[in-house]
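Colleague: what's the 3D shape of this:
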Amino acid sequence: MPIRAVLWDIDDTIFDYAGADHTGMRLHLEGVGLPEAYATVDEALTAWKAITVRHWARVAAGETDFLGQRRDRVREFLSRPLTDAEADAWFAGHLSHYEASWQLFPDVLPVLDRLVPAYRHAILSNSSTENQHRKLTALGIRDRFEVMVCAVELGVSKPEAGAFHAACEELALDPHEVAYVGDEPDIDARGAVAAGLTGIWLDRRGRGGRPDLVTITGLDQLPALLAGQTRFGAPDTFG
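Modeller: Numbers count the residues shown, from 1 in each chain. Modelled structure (predicted):
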């Protein structure tokens, strides 16, 4: 049976999360000053990225919630105890710069246009519905996706099969009728494959090294891949 729908990751797949987060924190630090633990802004930005990855993993594991991870990121980054209100106030400065830096990757709108009307579109994210709905609305593409399933409300995160199956159920499609596109090789592509979907790794940074996965390096390669679905029988790398 052919692929009937494309299920999308959001952050660093269609939305340049890493770029916006980096820019937002850099501008915030210019205003509030560099924490004592870091010798340079670059060192601080590298630490912030690592802290973010670590605490989002805690959300996925069910160890904390959306606001909890945000507050704990601030406390670890600043290396000092803070009340929830103090952590929220500090993060708010970063948030204003981060949101001002929101943008889609340039290949997103062209590929969404090319895939209409051949495929339905939906979202599966390890974030929260409120956060991702607001983001996609601000970026002007929320109406492109008929279904949005997010781990915070679902209670199951990628790469667990239940997360992928929940999205397929919302679409009323079997897993083998759905292709999943995401920027993480294991959480996204490998998780999708294990759940019975077609998993496609969007390797924007050219990391490579995963011959076991169907791989693209830009979304402009996706329409041809979907059209030639016999190629899904074996991993492939483009570019």
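
Colleague: what's the residue positioned nearest the centre of the chain in contact with, if anything?
Modeller: Central residue of the chain (CA atoms, centre = their mean): residue 11, 2.7 Å from the mean position. Residues in contact with residue 11, defined by CB atoms under 8 Å, 6 or more residues apart in numbering, are 17, 125, 127, 183. Just so you know, the C-beta spots here come from the backbone N, C-alpha and C atoms, and that holds for glycine as well.

Colleague: Tell me, how many residues neighbour the first one?
Modeller: I take that to be residue 17. 18 (other CB atoms under 10 Å).

Colleague: Backbone dihedrals for it, please?
Modeller: For residue 17, the backbone dihedrals are phi -60, psi -50 (criterion: degrees, to the nearest 10).

Colleague: Quick check: chain neighbours aside, which residue is closest to it?
Modeller: Distances taken as CB to CB, 6 or more residues apart in numbering put residue 11 closest to residue 17, at 3.7 Å, once the chain neighbours are dropped.

Colleague: what sits opposite the one you found in the beta ladder?
Modeller: Judged by DSSP bridges, the bridge partners of residue 11 are residue 15.

Colleague: What's the mean pLDDT across the lengthiest helix in the chain?
Modeller: Longest among the helix segments of the chain by residue count, using DSSP state H, is helix 41-60. The pLDDT scores in helix 41-60 average 92.

Colleague: Need the residues that contact the next helix-or-strand element following that helix.
Modeller: Heading C-terminal from helix 41-60, the first helix or strand you meet, by DSSP states H and E, is helix 66-78. The contact list for helix 66-78 (CB under 8 Å, 6+ apart) reads 35, 37, 44, 47-48, 51-52, 55-56, 58-59, 64, 81-82, 84, 87-88, 90-91, 127-128, 131, 152.

Colleague: In CSV, please show the C-alpha coordinates belonging to stretch 47-57.
Modeller: Extracted C-alpha coordinates of stretch 47-57, given in CSV (Å, rounded to 0.1, in the frame of the first residue of the first chain):
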residue,chain,number,x,y,z
ALA,A,47,27.0,24.6,27.8
TRP,A,48,23.4,25.9,27.3
LYS,A,49,22.9,23.6,24.3
ALA,A,50,24.2,20.6,26.3
ILE,A,51,22.0,21.5,29.3
THR,A,52,19.0,21.8,27.0
VAL,A,53,19.5,18.4,25.4
ARG,A,54,19.9,16.8,28.9
HIS,A,55,16.8,18.3,30.4
TRP,A,56,14.6,17.6,27.4
ALA,A,57,15.6,13.9,27.7
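
Colleague: All set now, cheers.
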